[in-house]
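A.B. asks: build me a structure from this.
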Amino acid sequence: QVQLAESGGGLVQAGGSLRLSCAASIRTFSRRAMGWFRQAPGKEREFVARINWSGGSTYYADSVKGRFTISRDNAKNTVYLQMNSLKPEDTAVYYCAAHNSPYTSGSGYDYDYDYWGQGTQVTVSS
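C.D. replies: Sure thing, here's the model as predicted:
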């Protein structure tokens, strides 16, 4: 049973935009912080952004701050990642994840997340 499903990835030129979506079938979605992580070829998975359970608090990696925006719609059980001013170094598989504890702000550590999507590929050409 699929718990998290990402969509919206693709190929885009540098400077372009993409919007990723993550549809959740987790019953406790609205109580959980959500995160976006990414993994480029030959590199470790890294934190991108997180949003708390209510959507009132967000946090970003320095590498994407000012360019990416995380948001959520608890009525639709969906979290989003709006990516603007994309750079070739943003090329990676992007994963959404659900934090393992309710009513938190989330964290930047992947071991704090217990549900993961299958990932969506984002490729930025120069």
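A.B. asks: now stretch 80-89: buried residues?
C.D. replies: Using 16 or more other C-beta atoms under 10 Å as the test for burial, stretch 80-89 gives Tyr80, Leu81, Met83, Leu86. Just so you know, the C-beta spots here come from the backbone N, C-alpha and C atoms, and that holds for glycine as well.
A.B. asks: after the helix or strand hosting Thr69, which helix or strand is next?
C.D. replies: Per DSSP states H and E, Thr69 falls inside strand 68-73. Once strand 68-73 ends, the next helix or strand along the chain (criterion: DSSP H and E) is strand 78-83.
A.B. asks: can you tell me what sits against that next one?
C.D. replies: Outside of strand 78-83, the residues within contact range by C-beta atoms under 8 Å, 6 or more residues apart in numbering are 17-24, 34, 36, 48-49, 51, 64, 67-73, 90, 94, 96, 122.
A.B. asks: Asp62: how many residues sit nearby?
C.D. replies: The number of residues packed around Asp62, counting by other C-beta atoms under 10 Å, is 6.
A.B. asks: doesn't it fall inside a strand?
C.D. replies: No - the assignment for Asp62, made by DSSP: H, G, I helix; E, B strand; the rest coil, is coil rather than a strand.
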